[in-house]
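# Prediction below, plus the sequence it came from.
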Amino acid sequence: MLEFIDITKTFNADLFTQPFTALKNVSFKVEPEKIVGFLGANGAGKTTSLKIAMDFIRPTGGNVIFDPRLGKNSLDIFSKIGFLPERPFFYPYLTGREFCYYIGKLSDLNKKEIDIKIEQWSHRFKIHFALDREINTYSKGMLQRIGFLVTLLHDPEFIILDEPLSGLDPIGRKDLKDIIVEINKLGKTVFFSSHIVSDVEEICSNVIFLKDGELYYEGSVDEIIQKNIKPTSIIKYLNDEGIQQLTVSNENKMNEIQKLSVTNVQIISIEVEKASLEEIIYNVK
């Protein structure tokens, strides 16, 4: 759905400040009908990348290419994209329903079409009860929900979300993750940024990881784990001193089991230790 080819972005502040390069020759692909997580610490270049993808700012160098199925010109392409920024603006004195009508009309939807989408998604987002309240009464989680809802009003093919789970409580994060999975099952491509590794690992098939404006990893979650972490197993056994535990590489597992079997110990269990994406991300130097 989206491809970055050697994207560089340099910001020039003023005559007295050195230019700052936020992105350095970044190349990656967001494949159709996938949930792709965009990882990186604050300041890694995620939001800058998404602003470039949405044509809010232009890259200093490189090219952005969209899948032809989105359209042949910018108007067609962006009409099929739903974008939720990290800090969306809400008109505080509109009700949630009025805000939905406003955003829906910007996408050339009529009232009937908007009402159908509100009915479809407001209960799913658990925001139906507050649609006729002014937005200035909404909590952080409610704002995230209404923001996500209006992102889906025009039934986009490609959904781009900038930190959609940030600041939510565990229940709110689970609800929105479930909806991301649900819309992906409808054939939609979802590309969302986050600094919460566990959330990305839980629902994403692919991941892109930036550090200091450079691409560090790209690919499926499983491939990244297999390439960067040596799988291990935990052998628990009983001897005269009680229950003992031994962690071994999977390559040496059978050798260790054979050694233990001739020492009059009782092997209790052998468990494969699950590697995690967090171990990789947090250990990048």
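Alright, I've got the coordinates.

# Please report phi then psi for residue 162.
phi -100, psi 110 (degrees, to the nearest 10).

# mind checking pLDDT for it?
Per-residue pLDDT puts residue 162 at 93.

# The one 3 residues further on too?
Confidence per residue is given as pLDDT, and for residue 165 that number is 87.

# again, but for residue 179
Reported pLDDT at residue 179 in the predicted model: 95.

# can you check the one 4 residues further on too?
Taken from the predicted model, the pLDDT recorded for residue 183 is 96.

# How far does stretch 84-103 sit from its chain's centre?
22 Å (CA atoms, centre = their mean, to the nearest Å).

# One more: stretch 63-75?
For stretch 63-75, the distance to the chain centre is 22 Å (CA atoms, centre = their mean).

# ok, now stretch 116-135?
With CA atoms, centre = their mean as the basis, the mean position of stretch 116-135 lies at 24 Å from the chain mean.

# all strands for the stretch 51-200 of the chain, in order.
Secondary structure of the stretch 51-200 of the chain by DSSP state E, counting those that start in this stretch: the strands cover 61-66, 81-84, 158-162, 189-194.

# Tell me the buried residues in the shortest one?
Think strand 81-84. Using 16 or more other CB atoms under 10 Å as the test for burial, strand 81-84 gives 81, 82, 83, 84. The way it works is simple: take the backbone N, C-alpha and C, and place the C-beta from them, glycine included.

# Just the residues contacting that strand, thanks.
Contacts of strand 81-84 from elsewhere in the structure, counted by CB atoms under 8 Å, 6 or more residues apart in numbering, are 50, 54, 70, 147-148, 151-152, 154, 156-162, 164.

# Dump that strand to PDB, restricted to CA.
What follows is strand 81-84, C-alpha atoms only, in PDB (Å, rounded to 0.1, in the frame of the first residue of the first chain):
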ATOM      1  CA  ILE A  81      -6.800   6.700   3.300                       C
ATOM      2  CA  GLY A  82      -8.100   7.200   6.800                       C
ATOM      3  CA  PHE A  83      -5.600   9.100   9.000                       C
ATOM      4  CA  LEU A  84      -5.700   9.700  12.800                       C
END
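
# so what strands line up beside that strand?
Strand pairing for strand 81-84, using DSSP bridges, gives strand 158-162 (parallel).

# so the strand it pairs with versus strand 189-194, what angle?
Angular relation of strand 158-162 and strand 189-194 on a 0 to 180 degree scale: 10 degrees, by axes from the mean of the first three to the mean of the last three CA atoms, to 10 degrees.

# rewinding a little: now, the most widely separated pair of the contacts of strand 81-84?
70 and 147 (22.1 Å; CB to CB).

# So these two - more neighbours on which side?
Neighbours of residue 70 and residue 147, each counted by other CB atoms under 10 Å, are more numerous for residue 147; the result is 22 against 19.

# gap between that one and residue 48?
Here residue 147 is placed at a distance of 20 Å from residue 48 (CB to CB, to the nearest Å).

# Settle this for me: residue 9 is touching residue 53, isn't it.
No - the pair residue 9 and residue 53 fails to qualify as a contact (CB atoms under 8 Å) at a distance of 11.6 Å.

# Give me the pLDDT for residue 170.
The predicted local distance difference test score for residue 170 is 86.

# Contact partners for it?
Residue 170 is in contact with no residue at all, counting by CB under 8 Å, 6+ apart.

# what about it, distance to residue 84?
Look at residue 170 and residue 84: by CB to CB, they are 20 Å apart.

# for the buried residues of strand 81-84, which one is nearest residue 130?
Proximity to residue 130 was ranked across those by CB to CB; first place goes to residue 84, at 18.2 Å.

# Residue 140 is in contact with residue 169, isn't it?
No - look at residue 140 against residue 169 with CB under 8 Å: they stay out of range, at 9.1 Å.

# Could you tell me how far the longest helix seen in the chain lies from the centre of the chain?
Determined from DSSP state H, the single longest helix within the chain is helix 170-185. Centroid separation between helix 170-185 and its chain, computed with CA atoms, centre = their mean, is 11 Å.

# try stretch 182-201
Mean-position distance between stretch 182-201 and its chain equals 5 Å (CA atoms, centre = their mean).

# got the end-to-end distance for that stretch?
Distances were taken as CA to CA, to the nearest Å; on that basis the terminal residues of stretch 182-201 are 16 Å apart.

# And that stretch, what's buried?
Of the residues in stretch 182-201, those scored as buried under the neighbour-count criterion (16+ other CB under 10 Å) are 183-184, 188-197, 199-201.

# so where's this structure shaky on pLDDT?
By pLDDT under 70, the weakly predicted segments of the chain are 15, 225-231, 250, 273-285.
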